[in-house]
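Undergrad: what follows is a predicted structure for the sequence shown.
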Amino acid sequence: MKKALFTFFFCGLILIGRSQNASVELSTTGLQTGWFGVWLHNEVKIIPSMALRSEVGFDGGIYGGSFYGGVGLVMTPVLVLEPRWYYNLNRRISKSKNISGNSANFLSLRTSYNPDWFIISKFDNINVVDQVSIVPTWGIKRNIKKHLTFEIGIGMGYRHYFAKSAGYLENFGELALNSHLRIGYRF
């Protein structure tokens, strides 16, 4: 009888342990690089399936034309605040897949600010107009080994340019695309 009770109790503990909901990590920090840029990020748990990602880094772009006398790369600072909902954590756990470092699919609302503080470029006198973009994004984040990460995402939203502060007659907005492919290191 004692053996049967012990077996029943032990199996019950295993079932309770397996039935718990998966959760994002309390906090994770890393450095990523992608097509054009480099970013330092931190994700902090809000609720079990959501994290608030903050980012600071450099966004890159290509410019050119007869005015500049060639084609070049420009790097501008960027500040990002992005709530992320990792929607398939429980499914990944049920399939015995890794969720460390918030390794899952996500939906987010990427909000970024590109200020005209300074520009990194081979040409002088290049300015970037201050801009804010809000882009709903779908993505996938996975771990490669213990510290390496891979992330891909795509989304479409709105970008607002504060052109008056740069001497233009009025501010304006446009459609914004967020398409990223990044590889990184998680500390």
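TA: Received it, and whenever you're ready, just let me know what you need.
Undergrad: wait, doesn't L73 sit right on G61?
TA: Yes - L73 is in contact with G61 according to Cβ atoms under 8 Å; the separation is 7.4 Å. In short, each C-beta sits where N, CA and C put it, glycine included.
Undergrad: mutual contacts of those two, please.
TA: When contacts are counted by Cβ atoms under 8 Å, 6 or more residues apart in numbering, L73 and G61 have F36 as shared neighbours.
Undergrad: which parts of this structure are strands?
TA: 27-34, 37-47, 50-65, 70-86, 105-114, 131-144, 148-161, 172-186 (DSSP state E).
Undergrad: of those, flag the one that's most buried.
TA: strand 105-114 (a mean of 19; mean count of other Cβ atoms under 10 Å).
Undergrad: what's the angle between it and strand 148-161?
TA: 50 degrees (axes from the mean of the first three to the mean of the last three Cα atoms, to 10 degrees).
Undergrad: strand partners (parallel or antiparallel) of strand 105-114?
TA: strand 70-86 (antiparallel), strand 131-144 (antiparallel) (DSSP bridges).
Undergrad: contact partners of that strand?
TA: Outside strand 105-114, the residues within contact range by Cβ under 8 Å, 6+ apart are 53, 55, 59, 76-88, 128, 130-141, 153, 155, 157, 178.
Undergrad: could you give the angle of it to strand 172-186?
TA: 120 degrees.
Undergrad: mean confidence for strand 105-114?
TA: Mean per-residue pLDDT for strand 105-114: 97.
Undergrad: how far does that strand sit from the chain's center?
TA: 6 Å (Cα atoms, centre = their mean, to the nearest Å).
Undergrad: that strand versus strand 50-65: what angle between them?
TA: 50 degrees.
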